[in-house]
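A.B. asks: With the sequence up front, the predicted model follows.
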Amino acid sequence: FKSEEESDGMANRTALHMLLSCTGLSPEYLGIREWAIVAIRNVLAGNLENQRIVGELEAQKPVQSAELERLGIQVKMNNGGKVSVRRSSRSISQNGTKSNTTDN
């Protein structure tokens with residue numbers, strides 16, 4: 001868990017990006033997501049270079065997954081890179097039918 005040698009080896013942007021990409025919202029792979037979060041915590045703990053690399057990352061675009069659409073959630077990002085999450089006016093039920101909801 002606190003291996004400085006392994007943590008220093010993660011000061012590679014590709015390896016860090018791979019770990020970060022495993023944290024996406026996917027109900028099929030929640031176990032991988034949870035382990036990726038633990039791994040990220042471990043490689044950032046006490047490693048300023050890894051923290052700097054992650055700190056310099058910028059959001060490029062929001063990902064609107066089918067799961068978020070099914071839940072009636074809409075993700076948007078403004079020109080400044082600020083992400084907002086809102087309830088959309090439509091959601092899709094488990095059987096695939098669309099329904100209108102109000103945005104409260």
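C.D. replies: That came through, no problem.

A.B. asks: Can you list the buried residues in the longest helix seen in the chain?
C.D. replies: Across the chain, the longest stretch assigned as helix under DSSP state H is helix 30-44. If you call a residue buried by 16 or more other C-beta atoms under 10 Å, then helix 30-44 has these buried ones: 36, 39-40, 42-44. Every residue, glycine included, has its C-beta placed from N, CA and C.

A.B. asks: could you dump that helix to CSV, C-alpha only?
C.D. replies: Output in CSV follows, covering the C-alpha atoms of helix 30-44 (Å, rounded to 0.1, in the frame of the first residue of the first chain):
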residue,chain,number,x,y,z
LEU,A,30,-18.2,-1.2,-10.2
GLY,A,31,-15.7,-3.5,-8.5
ILE,A,32,-13.0,-2.3,-10.9
ARG,A,33,-14.0,1.3,-10.2
GLU,A,34,-13.7,0.8,-6.4
TRP,A,35,-10.2,-0.8,-6.7
ALA,A,36,-9.1,2.0,-9.1
ILE,A,37,-10.1,4.6,-6.5
VAL,A,38,-8.0,2.7,-3.9
ALA,A,39,-5.1,2.5,-6.3
ILE,A,40,-5.3,6.2,-7.1
ARG,A,41,-5.3,7.1,-3.4
ASN,A,42,-2.2,4.9,-2.9
VAL,A,43,-0.2,6.3,-5.8
LEU,A,44,-1.0,9.9,-4.8
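
A.B. asks: How about residue 83: what's its closest non-neighbour residue?
C.D. replies: residue 77 (5.0 Å; C-beta to C-beta, 6 or more residues apart in numbering).
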